[in-house]
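> The sequence isn't on hand, but the structure is:
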């Protein structure tokens, strides 16, 4: 049984990813900033007959919280097989970079980028104890520089420019960390669920959470260790 930690797993894409991976036989830790919400999510899954889950308190913007979560995991497991950096915020819209409040930009980076980086740094000690560890960073198409320059770019993307820039940074982290950890056999990839209906976008997304998590679950189940430093969506690889 593989062990999985998903940050921001008490709702939305994180919770549905936890549900599906647990149903496939993995033991999933549902990371939640608020442990009450995390426990409610875990209880919800257990009530549905999914017993191999547990809630864990982790605020990715708080290094002490991350360290406490790691210590809790140390007391329960020998290694961590998969870390999914899912916790994120969208910020208020519109957020064009020419006018966006700097506090909003800093807040977005604090959670979406720095949160993922420091969570990964702390959890690497447990990941290194796994025979086949993996890190998945939940990104977005609006973080793709190539897609932003494409004629097919959706007109409203500029309203998410600050959020998108945090995902661009997260994608850079994916590539550079993948190169750094390649010799340690730890694979690192980015994946986008697409425009999925969650409270991140006031449920305006056109994909259900069940549809949105498909590429995440597929990547989580990937056994080809040569696939690292890539960016995926439902249907395959996409450009940076």
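Nice, thanks for sending it over. Remember, predicted model here, so these are calculated numbers, not experimental data. Residues are numbered from 1 along each chain as shown.
> For the protein, which helix or strand comes out least confident on mean pLDDT?
Ranked by mean pLDDT, DSSP states H and E, the helix or strand of the chain with the weakest confidence is helix 209-212, at a mean of 78.
> And that helix, what does it pack against?
helix 12-23 (3 or more Cβ pairs under 8 Å, 6 or more residues apart in numbering; DSSP states H and E). C-beta coordinates here come from the backbone N, C-alpha and C atoms, glycine included.
> any idea which helix or strand comes after the helix it packs on?
strand 27-32 (DSSP states H and E).
> quick revisit: for the helix or strand following the least confident helix or strand of the chain, give me every contacting residue.
Remark: after helix 209-212, the chain's next helix or strand is helix 214-220, criterion DSSP H and E. The contact list for helix 214-220 (Cβ atoms under 8 Å, 6 or more residues apart in numbering) reads 4, 13, 17, 20-21, 24, 26, 82, 84, 134, 136, 138, 189, 191-194, 232-235.
> what's the following helix or strand after the top helix by length along the chain?
Across the chain, the longest stretch assigned as helix under DSSP state H is helix 161-181. The C-terminal neighbour of helix 161-181 among helices and strands, as given by DSSP H and E, is strand 187-191.
> Could I get the average pLDDT for that following strand?
What strand 187-191 shows for mean pLDDT is 98.
> OK, contacts around the residue nearest the centre of the chain?
Residue closest to the average C-alpha location in the chain (Cα atoms, centre = their mean): residue 86, at 2.2 Å. When contacts are counted by Cβ under 8 Å, 6+ apart, residue 86 touches 6, 7, 8, 9, 13, 14, 17, 138.
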